[in-house]
Structure formats: C-alpha cells, structure tokens
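S.K.: build me a model from this:
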Amino acid sequence: MGKSRERGIGAVAIEFRDLGPEEIEEYIKFDAKISWDFLTDEEKMELGYDDYLRRHREVVYSLYRANMRNRMIAAYADGEIVGVVWVGMRVDTVHFVGVGYIYDIEVIRDLRGKGIGSKLLQMAEETCREWGVKEVMLAVEANNFEAIKWYERMGYAPKRYLMSKRLRAFE
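M.R.: Numbering: from 1, shown residues only. This next block holds a predicted model:
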C-alpha cells in the first residue's frame, strides 16, 4: 500500500496514494461535491447545502468507525484529487462472514473512460484479497445505467435488491 505512479493512463500522469485516517477530510471534500449531484432537486431543497455537508461528514465518519478495516485510495493528477475509492471490511448480515464493501468509487467527469476507475477498483479488490475477503459488494443507484454497465464489465452482478420507499409526513 502507499504510492504508485501510473504513466499513460489516457495520456495523463496519475499518482495513486493511500489516504490515511488523518486525511479523511480530503476524501470528504472531494466526495461531497460529486455526491451532491446525485440528490434530487427536492432533496437538495429539503436539506440545503450546509446541512448536506454536515450530514455527509457524520455519515462518512460513522461508517469508517463501524468497519473492521478501511482503505481509501486517491488518484492525483497535477497534485489534485481526480478520483477516489473507499473500501471497507464488514460482516455480511446474511452469511455472517467478512466481505469487502466498496462505499465509493468516483472519478471526475473529464477523466472518466481513461482507466482511472478501473485501476482504483483493481486496487480495492487487491486490498480485499490481502484481507482474506472472498467477496466484494457495492451499491449503485438503479438509474445509473452507465455505472451499472461498467460494473458488469468489471465482473460484478446483481445479488440482492435494495428496496426503497420515500415516506411523507402523516401519510
């Protein structure tokens, strides 16, 4: 673990580096900007950006502390984070074995399709192998067809359905 430099990823020099526990704020700063766009307009109005940032930070720290192990890896171009992956080890609540769980994998839009996400995913999977984990899981928004197709090309397949219902007050 640590640093690695990849040359020729889409003609952009990329450096991959672990983010230690003291650098979680770097991950949060990068992720918050991208994740905000996944909220609906209604959710954005309801939360407001400041409350969103506060809740986002709380959730990241809570999940990080709850995992048995964590690894966050950032991809840098010209000293700026352009992609991240966060993989944790937790217990599967159905089979009661340790599994790798990819909480997040993101690459800035301008650099997608250049192999950065594939390298981040490969590094996360290798981390899980080193941890002795035999399965990696993740969740993806049902309407994110581009990501679903990419995960399928990377060997992932649906295993469970996560069902959701938005509750209204006094329904």
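S.K.: use CA for all of it now, contacts and neighbours both
M.R.: OK.
S.K.: all strands of this structure, in order?
M.R.: Taking DSSP state E as the criterion, the chain contains strands spanning 3-9, 12-19, 69-77, 80-91, 98-107, 136-138.
S.K.: just the buried positions in the third one, please.
M.R.: Right, strand 69-77. 70, 71, 72, 73, 74, 75, 76 (16 or more other CA atoms under 10 Å).
S.K.: next, the angle from that strand to strand 80-91.
M.R.: Relative orientation of strand 69-77 versus strand 80-91 (axes from the mean of the first three to the mean of the last three CA atoms, to 10 degrees): 160 degrees.
S.K.: what mean pLDDT does strand 69-77 have?
M.R.: Averaged across strand 69-77, pLDDT comes to 97.
S.K.: with just CA atoms, put that strand into PDB.
M.R.: What follows is strand 69-77, C-alpha atoms only, in PDB (Å, rounded to 0.1, in the frame of the first residue of the first chain):
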ATOM      1  CA  ARG A  69     -10.900  -2.300   8.300                       C
ATOM      2  CA  ASN A  70     -10.700   0.600   5.800                       C
ATOM      3  CA  ARG A  71      -8.700   1.700   2.900                       C
ATOM      4  CA  MET A  72      -9.200   5.000   0.900                       C
ATOM      5  CA  ILE A  73      -7.100   5.500  -2.200                       C
ATOM      6  CA  ALA A  74      -6.900   8.700  -4.100                       C
ATOM      7  CA  ALA A  75      -5.800   9.300  -7.700                       C
ATOM      8  CA  TYR A  76      -4.000  12.500  -8.200                       C
ATOM      9  CA  ALA A  77      -3.200  14.500 -11.400                       C
END
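S.K.: and that strand, what other elements does it pack with?
M.R.: strand 12-19, strand 80-91, helix 116-131 (3 or more CA pairs under 8 Å, 6 or more residues apart in numbering; DSSP states H and E).
S.K.: now swap in the shortest one and tell me
M.R.: The elements that strand 136-138 packs onto, with contact taken as 3+ CA pairs under 8 Å, 6+ apart, are strand 98-107.
S.K.: list the buried residues for the strand it packs on?
M.R.: For strand 98-107, by 16+ other CA under 10 Å, it's 98, 99, 100, 101, 102, 103, 104, 105, 106, 107.
S.K.: and residue 85, how many neighbours does it have?
M.R.: 25 (other CA atoms under 10 Å).
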